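Engineer: give me coordinates for this.
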Amino acid sequence: MIRTTLATSALALAVALPLQADEIWVTNEADDTISVIDIETLEVTRTIPTGERPRGITFAKDHSVVYICASDSDAVQVMDPETGEILHDLPSGEDPEQFVLHPDNRHLYIANEDDAITTVVDTVSREVVAQIDVGIEPEGMAVSPDGTIAITTSETTNMAHWIDTETQELFANTLVDSRPRHAEFVKDGTELWVSSEIGGTITVFDVETQSEKAKIDFDLPNIHPDRVQPVGFEFTNGDEIAFVALGPSNHLAVVDAETYEVENYILVGRRVWHMAFNADRSKLFTTNGLSGDVTVVDVASRTAEKTIKVGRFPWGAAFRPTN
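Structural biologist: Take a look at the predicted model:
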């Protein structure tokens, strides 16, 4: 009888408590803060202080902690997402800008822009396990789905550097167009996409051979080509469509990931930089640095639905499920 009563009470309590909405976390590099957006209300519910100039942001696989590149603090900060408390800093090398979490949920691969190295940090022991020489001004980071390859892109050397994650050594260097910024493995790790901001292109590589497979160009009517600067990009479920942030052109490009053809463009905020999807990838949230806001894009209709004001110079974005 007691057990039944306790179980019934627990169920009633669970039903009575409202479900917390999922969130989008946005780093504001000029404010040293994170803006937390409620996906249901599309409003900022929290503003959380961080170290200096937060840029890259990613959650642990179980979303128990969030990692933040505090670039001017020369640290990767580990935060409790429930309380917003910074639990500790991880060693990161100088000026960490972007990073990627290995599928083992333990090792962070960090681009150190000022030192021309990639730093590998064990998040459990909090120790640097490797520092790998790469090109000048590394920024973009990616890791293959099976965890065997990490990629660093170097802005000044104009290369993608291929790292064997078992030996922590380079095994290939491939040229891309000017100032590569972002990289992603797609199609079960068989392709690597790299955006080149000044080159105005995305280069698609065959991962097995590290050879160039395709190059994607962008052409916006009535916008000077110098303003078309691809940076971050994300894929819909199944890697069928890529949404590409085109920087100071203030547009997203919608790209067919099979044909590599641009289907259309979506006007968003000023200097669109990075983005994150909600859980089912029906909504896309873009960070617009110069306008200090986030644009909400409906994926099905490919239209901008709402603008959400955040902090100054929003940079990175990450999805957090809360239920």
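Engineer: buried sites along the helix or strand Ala214 falls within?
Structural biologist: Using DSSP states H and E, Ala214 falls within strand 211-217. Neighbour-count burial for strand 211-217 flags Ile216 (criterion: 16 or more other CB atoms under 10 Å). Where C-beta positions appear, they are placed from N, C-alpha and C, glycine not excepted.
Engineer: tell me the average confidence for that strand?
Structural biologist: For strand 211-217, mean pLDDT is 97.
Engineer: what strands flank it, and is each parallel or antiparallel?
Structural biologist: Neighbouring strands of strand 211-217 in its sheet, by DSSP bridges, are strand 201-206 (antiparallel).
Engineer: buried sites along stretch 273-282?
Structural biologist: Trp273, His274, Met275, Ala276, Phe277, Asn278, Arg281.
Engineer: what about the last one, distance to Asp62?
Structural biologist: For Arg281, the distance to Asp62 (CB to CB, to the nearest Å) stands at 20 Å.
Engineer: go on, the first one?
Structural biologist: When distance is defined by CB to CB, Trp273 is 27 Å away from Asp62.
Engineer: and if you look at Ile39?
Structural biologist: With distances taken as CB to CB, Ile39 is found 19 Å from Asp62.
Engineer: who's more crowded, the two?
Structural biologist: Ile39 (19 against 7; other CB atoms under 10 Å).
Engineer: contact partners for the nearest residue to the more buried one once chain neighbours are set aside?
Structural biologist: Once flanking residues are discounted, Ile39 sits nearest to Asp22: 4.7 Å by CB to CB, 6 or more residues apart in numbering. Residues in contact with Asp22 (CB atoms under 8 Å, 6 or more residues apart in numbering) are Ile39, Glu40, Asn278, Ala279, Phe319, Arg320, Pro321, Thr322, Asn323.
Engineer: burial measure for the fifth one, as a count.
Structural biologist: When counting by other CB under 10 Å, one arrives at 17 neighbours for Phe319.
Engineer: by contact count, what packs against the helix or strand containing Thr153?
Structural biologist: Assigned by DSSP H and E, Thr153 falls within strand 149-154. Judged by 3 or more CB pairs under 8 Å, 6 or more residues apart in numbering; DSSP states H and E, the packing partners of strand 149-154 are strand 107-112, strand 138-143, strand 159-164, strand 180-186, strand 191-196.
Engineer: residues in contact with the last one?
Structural biologist: Outside of strand 191-196, the residues within contact range by CB under 8 Å, 6+ apart are 140, 142, 151, 153, 158, 160, 176-186, 201-207, 213, 230-233, 242, 244.
Engineer: can you do 7 Å?
Structural biologist: With CB atoms under 7 Å, 6 or more residues apart in numbering as the contact definition, strand 191-196 has outside contacts at 140, 142, 151, 153, 160, 176-186, 202-207, 213, 230-231, 233, 244.
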